[in-house]
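Asks: Sharing a model that was predicted from the sequence below.
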Amino acid sequence: MKAFALFIIIFAITLTSNSQAPPGVNYRCFGLPCPPTTVFCQRLQYTSLNNTLMGTALDCLDNDLTILNSSANIQPNPFGDWSYQALTRTLVQTS
């Protein structure tokens, strides 16, 4: 139980750690520039119904999972005639 409580405390600190961004720190989600209040990143990749195109949507998310910045693009499907769908979420990256 103590380990779970420690995990919750560390998780809460992580969620609030970006609220006061130090000067010169850049926040990025999968290469997408994000505002300093970004906590999570989300990338959705999917193929079109006929499997000829691959769409990618990138989102910068805050504590409430509100989208702060986003980007989307479509390109030819690199998997040929195969369908593909993936959702990836991670913490924001800083540099």
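Replies: All right, it came through fine. Note that the structure is predicted; figures quoted are calculated from it, not measured.

Asks: Can you name the residues bridging to the residue nearest the centre of the chain?
Replies: Nearest to the geometric centre of the chain sits Cys41, at 1.5 Å (CA atoms, centre = their mean). Beta-bridge pairing of Cys41 under DSSP bridges involves Cys60, Thr90.

Asks: For stretch 33-50, give me every contacting residue.
Replies: With contact meaning CB atoms under 8 Å, 6 or more residues apart in numbering, stretch 33-50 is reached by 14-15, 18-19, 21, 25-30, 32, 53-63, 65, 68-69, 77, 79, 82-93. C-beta coordinates here come from the backbone N, C-alpha and C atoms, glycine included.

Asks: just stretch 87-95 next, same as before
Replies: By CB under 8 Å, 6+ apart, stretch 87-95 touches 14, 18, 25-29, 34, 38-45, 60.

Asks: Which of the contacts of stretch 33-50 fall in strands?
Replies: 27-29, 32, 53-61, 68-69, 85-91, 93 (DSSP state E).
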